[in-house]
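K.L.:
sequence-free structure coming up:
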């Protein structure tokens, strides 16, 4: 039997992670706020040898020092309350790992509070859903080297493994970095799902059935677009509703909700000064989808016919996906610089190769690009991705043009295209700079000489240099 581990929270993720660890030979002490749920969980798997704990004090008492406890409960106030209560029964040198989808700044604050008590704290993003937590998720750890020494073995045992056998888990940096990387993972996830949905929508507008769309996505999953989200898209589209026998997607409202991590990604990107427009549009698209009263105020407009080439659609989605991944790594770079985390982007791409929701054949390419040049200014500037742009750029332009002319929403696809164009072509913001200086005397930079300037617009039009 390996060393003991405590689990707080036996929802779908916590219960699956507990079973995962037990399967790997760990003695797992379990606690749930509703004791009956914990009791039922233990009874369901007597062979796993779980230690049932009625209180957090019981949980702490059941573990040998230094204690390692994983908290897998709802992020925010519930997580804070549970960890603060647990800390009363811990000793200096014990470790608590928050495995919820917590906001990274909350993790940083909680880490400081635990440090004052002498208790080690770490944050660990866990991706892969219920089955991932059971069979092996991708795990993004943020904490001290000492914290990693205590539980790195546990996490490496529990996580998914790449095709080469490497663990899809690593210590990424100090407290906060784990949840930040997981947050950006989810932001990428939002945008990829948005782009996939828009391509699907174009096919439906052209007259394809759900089953025909399913076959297209299943075929794409056998090629360059291979990935978890493409795989499940093919499966979802072929599923039929048990009540009506209609395609399942045809009985669903065109509304998608969200848990907040996509919004956090956009807000964090703006705060850090990083570009993530495709993620932003994916979030806004979900917000609009749930605005029933607003959408109900408009009568459906006549929809022009759309003719879409399947090869173009595949290439468009391929390039849009590449841009979306690049946006995510731009946000990671901005945070790493601000907080001094020293994130290893090749390593992050590697631990996303298996177990997580955004796993795809893009990840080994991304890992290789950053391994070849860790200081890439942008993923899109790497030779690997420059080739993707050259081969697929015109297809994305054709698809976006057809969508716009056909009055088909394509906010994520068009945003990824615009972001690429913004990086590779001059912007018309010289006019904006002049406007700002005119009404606010904000100043501007010239293209032909260094320095910062202001024009006396309402006086003699004289240009003056500013310090």
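P.N.:
Received it, and whenever you're ready, just let me know what you need. The structure presented is a predicted model; accordingly, all values stated were derived computationally and were not measured.

K.L.:
other SSEs contacting the helix or strand harbouring residue 279?
P.N.:
Here residue 279, judged by DSSP states H and E, is contained in helix 277-289. Using 3 or more CB pairs under 8 Å, 6 or more residues apart in numbering; DSSP states H and E as the contact test, the elements touching helix 277-289 are helix 177-206, helix 261-272, helix 310-339, helix 411-424. In this view, the C-beta of every residue, glycine as well, is placed from N, C-alpha and C.

K.L.:
What's the mean pLDDT across stretch 226-237?
P.N.:
On average, the pLDDT along stretch 226-237 is 97.

K.L.:
which other residues reach it?
P.N.:
Stretch 226-237 has contacts (CB atoms under 8 Å, 6 or more residues apart in numbering) with 189, 192-193, 196, 200, 210-211, 213-215, 217-218, 220-221, 247-249, 356-362.

K.L.:
Kindly report the same for stretch 398-414.
P.N.:
191, 194-195, 198-199, 201-202, 205, 278, 281-282, 284-285, 301, 303-309, 312-313, 316-317, 320, 324, 396, 417.

K.L.:
what's the answer for stretch 191-200, then?
P.N.:
Here stretch 191-200 makes contact (CB under 8 Å, 6+ apart) with 213, 217, 229-230, 233, 237, 278-279, 281-282, 285-286, 313, 316-317, 320-321, 324, 327, 358, 399, 403, 408-413, 416.

K.L.:
same thing with stretch 279-292?
P.N.:
Under CB under 8 Å, 6+ apart, the answer for stretch 279-292 is 187-188, 190-191, 193-195, 254-258, 262-263, 265-266, 269, 294-295, 324, 327-328, 409, 411-412, 415.

K.L.:
Enumerate the positions of the helix or strand containing residue 78 that are buried.
P.N.:
Here residue 78 sits within helix 77-87, counting by DSSP H and E. By 16 or more other CB atoms under 10 Å, the buried positions in helix 77-87 come out as 79-80, 82-83, 86-87.

K.L.:
Can you give me the domain boundaries for the protein?
P.N.:
Recorded structural domains for the chain (assignment: automatic domain parsing) are 2-175, 183-424, 429-466.

K.L.:
Give me the next element, helix or strand, following the helix or strand residue 113 falls within.
P.N.:
Applying DSSP H and E as the criterion places residue 113 in helix 104-116. Going down the chain from helix 104-116, the next helix or strand is strand 120-127, by DSSP H and E.

K.L.:
what pairs with that next one, and is each one parallel or antiparallel?
P.N.:
Take DSSP bridges as the rule and strand 120-127 pairs in its sheet with strand 95-98 (parallel), strand 138-142 (antiparallel).

K.L.:
so how far is the last one from its chain's centroid?
P.N.:
Using CA atoms, centre = their mean, to the nearest Å, we find the averaged C-alpha position of strand 138-142 to lie 12 Å away from the chain's own average C-alpha position.

K.L.:
start the count at 28, not 1, going forward
P.N.:
With the count now opening at 28, the last piece we talked about shows up as strand 165-169.

K.L.:
The closest residue in space to residue 169 that isn't next to it in sequence and residue 135, how far apart?
P.N.:
Once flanking residues are discounted, residue 169 sits nearest to residue 205: 3.0 Å by CB to CB, 6 or more residues apart in numbering. As judged by CB to CB, to the nearest Å, residue 205 and residue 135 stand 11 Å apart.

K.L.:
The two - which one has more neighbours?
P.N.:
Neighbours around residue 205 and residue 135, counted as other CB atoms under 10 Å, are more numerous at residue 205. The numbers are 30 against 19.

K.L.:
any idea how far residue 237 is from the residue nearest to residue 167 when sequence neighbours are not counted?
P.N.:
Using CB to CB, 6+ apart and skipping residues adjacent in sequence, the residue nearest residue 167 is residue 152, 3.8 Å away. Between residue 152 and residue 237 the distance is 33 Å, computed by CB to CB.

K.L.:
Between those two, point out the one with more neighbours.
P.N.:
residue 152 (32 against 19).

K.L.:
so what's the more buried one up against?
P.N.:
Shown in contact with residue 152 (CB under 8 Å, 6+ apart): 126, 128, 166-167, 205-206, 208-210, 212.

K.L.:
before we move on, the earlier item: can you turn the buried part of the contacts of stretch 425-441 into a ChimeraX selection?
P.N.:
The buried subset of the contacts of stretch 425-441, as determined by 16+ other CB under 10 Å, is captured in ChimeraX by this line:
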select :218,221,222,225,226,228,229,232,305,308,309,311,312,333,335,339,340,343,344,347,351,423,444
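
K.L.:
quick one: residue 381 and residue 195 touch, right?
P.N.:
Yes - shown here, residue 381 and residue 195 form a contact pair, counting by CB atoms under 8 Å, at 5.0 Å.

K.L.:
Contacts only, for the residue nearest to residue 169.
P.N.:
The neighbours of residue 205, taking CB under 8 Å, 6+ apart as the test, are 131, 134, 149-152, 167-170, 199.

K.L.:
returning to that earlier point: out of the helices and strands packed on helix 304-316, which comes closest to residue 42?
P.N.:
Nearest to residue 42, of all the helices and strands packed on helix 304-316, is helix 204-233, at 19.7 Å by CB to CB.

K.L.:
pLDDT value on residue 329, please?
P.N.:
Note on residue 329: pLDDT of 82.
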